[in-house]
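Enquirer: What follows is a protein structure lacking sequence information:
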């Protein structure tokens, strides 16, 4: 039964939280609205305290992983990794603006995949703009390439995006299996981005390079080695059943110790890089979204979302995810959809992940139109960034230019269908779980209540002897 009053209050808190995040005013950070809002929902009974605690405990490891990855990217930037990579990219492009765009697309895709979209938006984009300005070529194609690839290239690894981490936890897949399944969509997305950007900015790409880059800084051996070992550690840790947060944490400790000893970084700098207010915001947002789900949204989603992992159901899941992401934002959309789609197995989860991808660019209009600003951002490195982090998934707008996000999602969904996950639900529909027709489940010999939050890795099927019991294997 839908509690209209509780649903209205929960929706109001959610919209207020997202509006604050979109506006991004420094005096009223999103966490200042999300935390009191979540506490208010618990106090008035819109969501139970045990349920809120469970939501926080469930998402806390994912948020901790995100904090570690943010630290790793920031420390790698302080070692000069992104400046060196951009210089090598520019030198290889020579005098070809098209070659520069292709290499910026590839570099942005790799940085996004390995060090998350935040690294591309906050750390790489200013350096790319400064490099384009120094080469005396129009900066818009390369600014948009870095910004858009921060979104669409964040499909490959679980660590590439916060929503990936959430979906990864819900699928029950290994690190390598998740990566293998998303490799096809990732390649398609990157290729489509390059093709569309090349067409959109064909005029700018005919301007020859005025000042090609001929020299590059020394290779940041420590940063390259640590990041490479961390990525390899992700695969090894997954294979032996260890959380991938540990390789990332080891990389952070190595780089942080080196820079603290050399006094190139201070502890307050590391605290700022960890972005703890954003971590608290995500935890509070999980509680707010849970309140919206429990007070009426969950039954609606159970009716709207189809069962199955064939083409049409996956298209429907991706379409609904895209609609929610554009109406709200990709993070709350993912938090709302995962408990429902996860019952259908990994394929619907990955389809929702692809459909829910949204823009994660900085305000590209401003920085692309102010070469001096871009140059200062690149020259200032970590301490001189002027590009604001828009956590809520800002959209880059340019008059006269189409938003090709729909093309990205359609192409990446095609890739997802071409490389589908073969897992299927074992005879228990999503409606059965949501309506609690099976009140108990036997898991490893123990009986427990079946809820919509059953992990997709725990395959569910009915018991032949007892229609009121489900076995989770």
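Expert: Thanks, I have the structure now. This is a predicted model, so every value here is computed, not measured.
Enquirer: residue boundaries of the strands in this protein?
Expert: Remark: strands assigned in the chain by DSSP state E are 440-443, 446-449, 460-462, 469-472.
Enquirer: now this protein, which segments are flagged as low pLDDT?
Expert: Within the chain, the ranges that satisfy pLDDT under 70 run 1-2, 358-473.
Enquirer: so what are the domain limits for it?
Expert: 4-299+361-393, 430-472 (automatic domain parsing).
Enquirer: most neighbours per residue, which of those?
Expert: domain 4-299+361-393 (a mean of 20; mean count of other C-beta atoms under 10 Å). To be clear about C-beta, it is placed using only N, CA and C from the backbone, and glycine gets the same treatment.
Enquirer: distance between that domain and the chain's centre?
Expert: 7 Å (C-alpha atoms, centre = their mean, to the nearest Å).
Enquirer: Including distance to residue 320, could the domains of the chain go into a markdown table?
Expert: A markdown table is the format used below for those (distance: least, C-beta to C-beta, whole Å):
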| stretch | distance to residue 320 |
| --- | --- |
| domain 4-299+361-393 | 12 |
| domain 430-472 | 13 |
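Enquirer: Determine which of these approaches residue 308 most closely.
Expert: Closest of the domains of the chain to residue 308 is domain 430-472, at 9.8 Å (criterion: C-beta to C-beta).
Enquirer: so where's the longest helix in this protein?
Expert: Longest helix in the chain, counting residues (DSSP state H): helix 49-78.
Enquirer: Please name every helix or strand in contact with it.
Expert: helix 30-43, helix 97-118, helix 162-171, helix 221-239, helix 245-261, helix 267-274, helix 276-292 (3 or more C-beta pairs under 8 Å, 6 or more residues apart in numbering; DSSP states H and E).
Enquirer: got the ones you listed as TSV, with distance to residue 144 columns?
Expert: What follows is the helices and strands packed on helix 49-78, written out as TSV (distance: least, C-beta to C-beta, whole Å):
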stretch	distance to residue 144
helix 30-43	26
helix 97-118	10
helix 162-171	22
helix 221-239	26
helix 245-261	29
helix 267-274	26
helix 276-292	25
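Enquirer: wait, which of those helices is closest to residue 79?
Expert: Among the helices and strands packed on helix 49-78, the nearest to residue 79 by C-beta to C-beta is helix 221-239 (3.6 Å).
Enquirer: Need the contact partners of the closest one.
Expert: By C-beta atoms under 8 Å, 6 or more residues apart in numbering, the residues outside helix 221-239 that reach it are 72, 75-76, 79-81, 114-115, 157, 159, 174-176, 243-244, 246-248, 250-251, 254-255, 258.
Enquirer: Just want the angle from it to helix 49-78.
Expert: 150 degrees (axes from the mean of the first three to the mean of the last three C-alpha atoms, to 10 degrees).
Enquirer: between helix 221-239 and helix 97-118, how many degrees?
Expert: Interaxial angle, helix 221-239 versus helix 97-118 (the same axes, to 10 degrees): 60 degrees.
Enquirer: dump the residue contacts of the residue positioned nearest the centre of the chain.
Expert: Among the residues of the chain, the one closest to the centroid is residue 161, at 2.4 Å (C-alpha atoms, centre = their mean). Counting by C-beta under 8 Å, 6+ apart, residue 161 touches 116, 117, 154, 155, 357.
Enquirer: May I have the phi/psi pair for it?
Expert: Phi and psi for residue 161, reported as degrees, to the nearest 10, are phi -160, psi 150.
Enquirer: separation between it and residue 112?
Expert: 8 Å (C-beta to C-beta, to the nearest Å).
Enquirer: which neighbours do those two share?
Expert: Contacts common to residue 161 and residue 112, judged by C-beta under 8 Å, 6+ apart, are residue 154.
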